Structure formats: structure tokens, C-alpha cells
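A.B. asks: Could you work out the structure for the sequence below:
(one chain, ligands or ions: 1)
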Amino acid sequence: MTATFELAGQHVPAGRRQTMQLALAQLYTQSPLTVPVEVVHGKQPGPVLLLCAAIHGDELNGIEVVNQVLARVNPARLRGTLIAVPVVNVFGFIHKSRYLPDRRDLNRCFPGSEKGSLGARVAHFFVNEIVSKCSHIIDLHTGAIHRANLPQIRAQLDCPVTRQMAENFGAPIILDASIRDGSLRAVAEAKGVPVILYEAGEALRFDALPIKAGVRGVLRVMRSLGMLKSTTAKSVAEPIIARASTWIRAEHDGLLHLRVRLGDRIRKGDCLGTISAPLGTEVRDIIAPRSGIVIGSLTMPLVNEGDAICHIALFDEIKQAELSVERFVDELDIQQPAI
Ligand SMILES: [Zn+2]
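C.D. replies: The predicted model follows:
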């Protein structure tokens, strides 16, 4: 039997779950602003996993993933502790915005400081009260507004534990992504806490496939960490690690007609669609400069020259990557387009 788990001055007995509202700040109406947190504290000792979403306040798929995972975790059978934070950036969430009220990106404010900007204070609070308690992290994200991502894991794969978590999640593609300064990932890894980032779907939406894949992925990682009992191992598509990724940008301004979808394999020289003038008199082809798999794309048909249209992952074994994506979509069996 494990001891009581303490978080922000509150104590959760072993074998229990507890919802908390952690006081973060006040709105300028003087109304208190709180961060909702649920702690599920298992009877048996084990890892302390932080599952968090909406560091960017408009990224909703992760919130749904957190809630569906919570519904499946029973504290009586859990090994270790799950700290679930469905909305880290409550300021942005209220305003349906990626950012904080001062237009800062919270995921560039870590580790933060007690006396710094609003973003620095929120980051400092989150690191001190929550990140400092955990042994592993899964950070849930989506594409930006008007941009959708194929489910993918981003992680620094040099760390064997991180790599194992990334592979066990079961998203079809893994990007060996370097750390961005000021991100939650940067501060966690500096503390030696392995962290994987799940990117899937589009901001301000609930996307069925990314949510289903996210719930499945989190539960798979929890099983692999020994937090949940393993069920009969169902083989899943093996994730393929991308060598690199690149963006294809609009070379012209106009209306975009994109012919490729998330998960499609493209070959160098393929025509991916067209950009036309509003009257359609001038139509220009978009030619793929590289071969790869489409892992992100614009969902809105208006582009200026230089706008990112498609995010392409590059592979040494592209056939394997293509098969992995196909198998992944088949397994999840969602009767709608991938996004
Ligand atoms: Zn994000």
C-alpha cells in the first residue's frame, strides 16, 4: 500500500481519486481563476504520470482524450499515480485562443519565474506544483487553427525511456524532434523526466480519429509503464521514425485546391493541387519538391505566398511508413475521413 499523495497542499489517499481546483490567478473581474486537476492515486506504488492538454488553449482534442482516459482508470487497480490536467492554459481556453491574454505562448514560457510575466508565472506554478511531482509526462496537442495534423508523436529519442514511450503509444509516425526553448518538454527533460508530445487533429475541434488514437495511445503507454494491467497483446501498426520533416509553402497567392489528404504518400514531382485567382483564370500547380508522407495540412483554402500548405515527413523506408499509416487508420476503424 502506498502513502498518501500530496499535490498543492491536498492529500489523496491510496486507492482514491480526487478532483482539485488549483488557484492560479484572478481575472480582472476579481473572479478567481483555477486549474482543474484530477489525481488518481493507485493502491500500489508505481510511476507518477502527468497527462496534460491545452497548454495552447484552443487545442481541444487532448481535453477529450484526458477525460476518456480518466473514465477508464480505476484507482483500486492502478499502479502509481495519474495526474490529469485537461486544460493547462485556462486563460486561452476561456477565449478559444492558443495564447495567454498578453499574447504570449505559454509553451515558450517554461520554466517561468515567480515575478515574471503572466506566462512566466503560470509556467512557474505548473512546474513547481505539478511537473515536480511526476516521473513521466504525456503532453497532448493539436495543429493550429485551420491546420490539421495526422496523429504523430514528437519526442527526443536519445533517451531510451522516452523512445520506449513514443513507440508504445502506437501513433503511426514518430518525429525525433529537437527541444524548443521555453517548452514544457524542455523543462521536463532538463529535470530528467521523460516526455512525449502527441500532436493530432485541428484546433477548436473534436476530431474522432485523433481522439480515439490518443486514448488508445495513453492507455498503451500506461500499460507499458506497468500502471495498468496488460490485456492480451493486440498487435498494432509499428510506428516509423521520420528522418526529418519539411513544409511545402505556397508560391503564389490565391484559392487553394488541395488534392492530397493527411496520411497520403507523395512523390517528388507529383501535382498536389492548384492555387488559382478568384475568377479561376490563372491556375498554378503545386508540385511536390520532395517525396514523403503528408502529416499536416492547411484546412482553409485561402493562401498568401509563403503560407505553409502541407507538412511532409521524410523517411528512409517510405513504403513501411505508408503501410504503417494505412494499418493505423484501418485499426481505428473510424468511418470518416482521417481528419
Ligand atoms: Zn499545441
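
A.B. asks: Using PDB, write down the CA coordinates of the helix or strand bottoming out on mean pLDDT in the chain.
C.D. replies: Using mean pLDDT, DSSP states H and E, helix 318-332 stands out as the lowest-scoring helix or strand of the chain, at a mean of 90. The C-alpha trace of helix 318-332 is given here as PDB (Å, rounded to 0.1, in the frame of the first residue of the first chain):
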ATOM      1  CA  ILE A 318       8.900   5.300 -47.100                       C
ATOM      2  CA  LYS A 319       7.000   2.100 -48.100                       C
ATOM      3  CA  GLN A 320       7.000   1.000 -44.500                       C
ATOM      4  CA  ALA A 321       5.700   4.400 -43.300                       C
ATOM      5  CA  GLU A 322       2.900   4.300 -45.900                       C
ATOM      6  CA  LEU A 323       1.900   0.800 -44.700                       C
ATOM      7  CA  SER A 324       2.100   1.900 -41.000                       C
ATOM      8  CA  VAL A 325      -0.300   4.800 -41.700                       C
ATOM      9  CA  GLU A 326      -2.700   2.600 -43.700                       C
ATOM     10  CA  ARG A 327      -2.800  -0.100 -40.900                       C
ATOM     11  CA  PHE A 328      -3.200   2.600 -38.300                       C
ATOM     12  CA  VAL A 329      -6.300   4.000 -40.000                       C
ATOM     13  CA  ASP A 330      -7.700   0.500 -40.500                       C
ATOM     14  CA  GLU A 331      -7.200  -0.400 -36.900                       C
ATOM     15  CA  LEU A 332      -9.100   2.600 -35.600                       C
END
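
A.B. asks: what comes into contact with it?
C.D. replies: Outside of helix 318-332, the residues within contact range by CB atoms under 8 Å, 6 or more residues apart in numbering are 150-151, 170-173, 209, 212-213, 216, 236-240, 242, 263, 265, 291-293, 313, 315, 338. Where C-beta positions appear, they are placed from N, C-alpha and C, glycine not excepted.

A.B. asks: correct me, but D316 touches A244?
C.D. replies: No - counting by CB atoms under 8 Å, D316 stays clear of A244, with 10.3 Å between them.

A.B. asks: Overlap in contacts, the two.
C.D. replies: In contact with both D316 and A244: no residue, using CB under 8 Å, 6+ apart.

A.B. asks: where in the stretch 151-300 of the chain is pLDDT low?
C.D. replies: 232-236 (pLDDT under 70).

A.B. asks: Would you list the phi and psi of the residue of it at minimum distance from the ion?
C.D. replies: Taking CB to the ion, the ion has its nearest neighbour within the stretch 151-300 of the chain at E199, 7.4 Å off. Torsion angles at E199 (phi, psi; degrees, to the nearest 10) stand at phi -120, psi 120.
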